[in-house]
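J.: any chance you could fold what I've pasted below:
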Amino acid sequence: MHYQLRISGKHYQILQHHLFPGDGKEAVAVVLCGRHEQDGLSILLTHKIKLIPHEECKRDEDYINWKTDCIVPLLEEAEKSNMAILKIHSHPGGYEQFSDIDNESDSSLFTSVFGWCDSDSVHASAIMLPTGEIFGRVFTPNMESQSFNKVSVAGHQIMIWDNDKDIQSDDFSVRTVQAFGEGTYSMLKKLKIGVIGCSGTGSPTIEQLSRLGIGTLVIVDPDIVEKKNLNRILNTTIEDAKLKRYKTEVLESAINKFGLGTKVITFNRNLYDSKDSLLELITCDIIIGCVDSVDGRHLISQLTNFYHIPYFDLGVRLKADGKGNIDAIVASINYLQPGLSTLLSRGLYDTERLRAEGMQRQNPNEYTELLKQKYISGIDVDRPAVISINMQISSMAMIELLNRLHVFKDEKPDQYAKVMIDYCGGCIENTSEEDLKIDEYASKWAGRGDCMPFLRMTDLK
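T.: Below you'll find the model as predicted:
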């Protein structure tokens with residue numbers, strides 16, 4: 001089995017503040033976690049935190065003792081909803097292992113946890129170090145333990161700690177290493193990134209990721225190459241259009257020809273019709289959305305929120321005056337992390353437009369009739385594409401991604417939750433996360449993981 005722990009940035013900040021109050025003594029918290037389990041993979045996702053008050057514990061620099069009565073509500077919820085219990089405490093001295101005291105404490109606690117929870121699924125224990133690094137282990141019902149293979153944080157900064165051996169640099173990697181360091185290059189080689197949409201902004205994004213040395217790319221797009229979009233999809237030819245090849249197929253072939261070692265997994269299906277693609281995307285470390293549709297964006301938002309995946313959304317909007325001129329060219333990069341603001345709360349779309357696109361996808365005849373009767377607003381489906389704008393916004397998004405992995409900008413990453421470029425006005429506007437409205441519904445379900453119906457969306461097949 002391969003075990004992962006995923007933590008939202010919001011939860012990470014709460015835990016770090018509580019576990020290191022500044023007095024040099026250990027502290028502890030218990031977390032109710034959602035689950036995702038498939039094909040030898042088990043992911044725990046932080047969902048609800050119970051901070052154990054410092055004054056209710058016996059604390060020292062290498063010891064903590066606390067009463068477990070206060071976590072009974074979490075145990076009841078874990079049993080009811082097949083969720084997991086995670087105990088996490090601090091090692092203020094920086095000890096990078098579980099101590100004998102930790103082993104004894106975990107044995108007692110998790111024996112009781114399995115007594116409460118009638119499930120064969122694992123529960124877990126973790127330690128946070130003064131550096132902020134987290135490591136941990138899972139326990140099975142027979143109290144066997146195994147280390148987490150990966151621990152990640154989907155926050156202002158994307159942090160990943162894993163047990164895999166470091167990847168050695170090669171000739172190709174030298175320039176990346178010089179710019180961002182050996183650690184960043186090693187991380188890039190281990191990353192699995194999903195890109196939904198392979199056209200205007202999607203194809204240059206996929207090109208950059210593969211040339212940066214990303215380990216695995218999952219690319220999703222249901223469409224074939226057409227002559228009309230050859231001017232905006234990298235690596236496509238007139239022959240591809242004649243043969244009606246899928247965009248994913250063409251890009252996979254190009255990446256393989258690069259010979260840079262990136263593994264490619266493709267899905268030529270719409271997300272709403274492909275459970276397999278959604279399950280594959282859940283296993284990604286980062287997801288990048290390059291889609292025009294509102295309902296597509298909404299589905300990606302739900303997926304990344306439920307499963308604690310950092311999400312970059314790319315969008316380009318061009319408005320013509322109908323006389324051959326352009327009134328506005330606006331592009332945006334939205335970085336979304338679980339439990340905070342969403343595209344919906346940021347005002348990129350509203351529920352009426354989401355409903356309209358859902359109807360258009362599920363029942364186009366009824367949609368057309370309602371549109372005639374003006375019960376719903378029309379949707380701008382066939383937007384023009386400008387490759388120069390698409391490539392620039394894609395490049396800026398990749399710089400934002402690199403800055404989240406290895407901070408190099410003067411301002412902190414949380415100042416770049418939204419980057420909007422007005423090309424006609426000649427300005428770039430950055431918006432910080434704290435200036436954006438939290439989506440309370442998303443916050444409620446962040447880290448919930450597997451549940452029925454899937455993602456709480458009844459229109460998924």
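J.: got the contact list for the residue nearest to residue 9 when sequence neighbours are not counted?
T.: With sequence-adjacent residues excluded and distances taken as C-beta to C-beta, 6 or more residues apart in numbering, residue 9 is closest to residue 155, at 2.1 Å. Backbone N, C-alpha and C define where each C-beta goes, glycine included. When contacts are counted by C-beta atoms under 8 Å, 6 or more residues apart in numbering, residue 155 touches 7, 8, 9, 10, 12, 13, 337.
J.: which SS state does residue 159 fall under?
T.: Using DSSP: H, G, I helix; E, B strand; the rest coil, the secondary structure recorded for residue 159 is strand.
J.: restricted to buried residues, select the contacts of residue 155 in ChimeraX.
T.: Buried members of these can be picked out in ChimeraX with the line below, counting by 16 or more other C-beta atoms under 10 Å:
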select :7,8,9,10,12,337
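J.: need the contacts of residue 155 in a markdown table (columns: pLDDT).
T.: Supplementary listing: the contacts of residue 155 in a markdown table, determined by pLDDT from 0 to 100:
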| residue | pLDDT |
| --- | --- |
| 7 | 98 |
| 8 | 98 |
| 9 | 98 |
| 10 | 97 |
| 12 | 98 |
| 13 | 98 |
| 337 | 97 |
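J.: filter the contacts of residue 155 down to just the ones in strands.
T.: The strands in this structure, assigned by DSSP state E, contain 7, 8 from these.
J.: next up, phi/psi of the residue nearest to residue 9, please.
T.: Here the main-chain torsion angles of residue 155 (degrees, to the nearest 10) amount to phi -130, psi -160.
J.: any idea how far residue 117 is from it?
T.: To residue 117, residue 155 is 29 Å away according to C-beta to C-beta, to the nearest Å.
J.: redo the contacts of residue 155 as CSV? Include distance to residue 450.
T.: Formatted as CSV, the entries for the contacts of residue 155 read as follows, by distance: C-beta to C-beta, whole Å:
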residue, distance to residue 450
7, 18
8, 17
9, 22
10, 21
12, 22
13, 26
337, 20
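J.: can you pull the pLDDT of residue 383?
T.: According to the prediction, residue 383 has pLDDT 48.
J.: then the one 3 residues further on?
T.: pLDDT, the model's per-residue confidence, is 77 for residue 386.
J.: neighbours around it, how many?
T.: Counted with other C-beta atoms under 10 Å, residues neighbouring residue 386 total 17.
J.: show me the contacts for residue 28.
T.: Residues counted as contacts of residue 28 (C-beta under 8 Å, 6+ apart) are 19, 52, 57, 64, 66, 87, 88, 89, 90.
J.: which ones among these map onto helices?
T.: In this view, the contacts of residue 28 that belong to helices under DSSP state H are residue 19.
J.: where in the stretch 201-350 of the chain is pLDDT low?
T.: The stretch 201-350 of the chain contains residues with pLDDT under 70 at 320-326.
J.: against residue 333, how distant is the closest residue in space to residue 416 that isn't next to it in sequence?
T.: Using C-beta to C-beta, 6+ apart and skipping the chain neighbours, the partner closest in space to residue 416 is residue 430 (5.4 Å). Summarising the geometry, the distance separating residue 430 from residue 333, computed by C-beta to C-beta, is 10 Å.
J.: now residue 26
T.: Taking C-beta to C-beta as the criterion, residue 26 is separated from residue 333 by 40 Å.
J.: same question for residue 69.
T.: 47 Å.
J.: the more surrounded of those two?
T.: residue 333 (25 against 7).
J.: element containing that one?
T.: strand 326-336 (DSSP states H and E).
J.: so what strands line up beside that strand?
T.: Applying DSSP bridges, strand 326-336 is found paired with strand 311-320 (antiparallel), strand 418-422 (antiparallel).
J.: any chance of JSON lines for those, columns distance to residue 187 and mean neighbour count?
T.: Rendered in JSON lines, the data for the strands paired with strand 326-336 read as follows (distance: least, C-beta to C-beta, whole Å; neighbours: other C-beta atoms under 10 Å):
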{"stretch": "strand 311-320", "distance to residue 187": "16", "mean neighbour count": "19"}
{"stretch": "strand 418-422", "distance to residue 187": "22", "mean neighbour count": "18"}
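J.: those: which one's closest to residue 99?
T.: Closest of these to residue 99 is strand 311-320, at 37.4 Å (criterion: C-beta to C-beta).
J.: what about the closest one, distance to the chain center?
T.: The offset between the C-alpha centroid of strand 311-320 and the centroid of the whole chain comes to 19 Å, using C-alpha atoms, centre = their mean, to the nearest Å.
J.: what is the orientation angle of the longest helix anywhere in the chain with strand 326-336?
T.: Criterion DSSP H: the longest helix present in the chain is helix 387-405. Taking axes from the mean of the first three to the mean of the last three C-alpha atoms, to 10 degrees, one finds that helix 387-405 is oriented at 20 degrees with respect to strand 326-336.
J.: report all helices and strands that helix 387-405 contacts.
T.: If contacts are counted by 3 or more C-beta pairs under 8 Å, 6 or more residues apart in numbering; DSSP states H and E, helix 387-405 sits against helix 182-190, helix 202-212, strand 286-289, strand 311-320, strand 326-336, strand 418-422.
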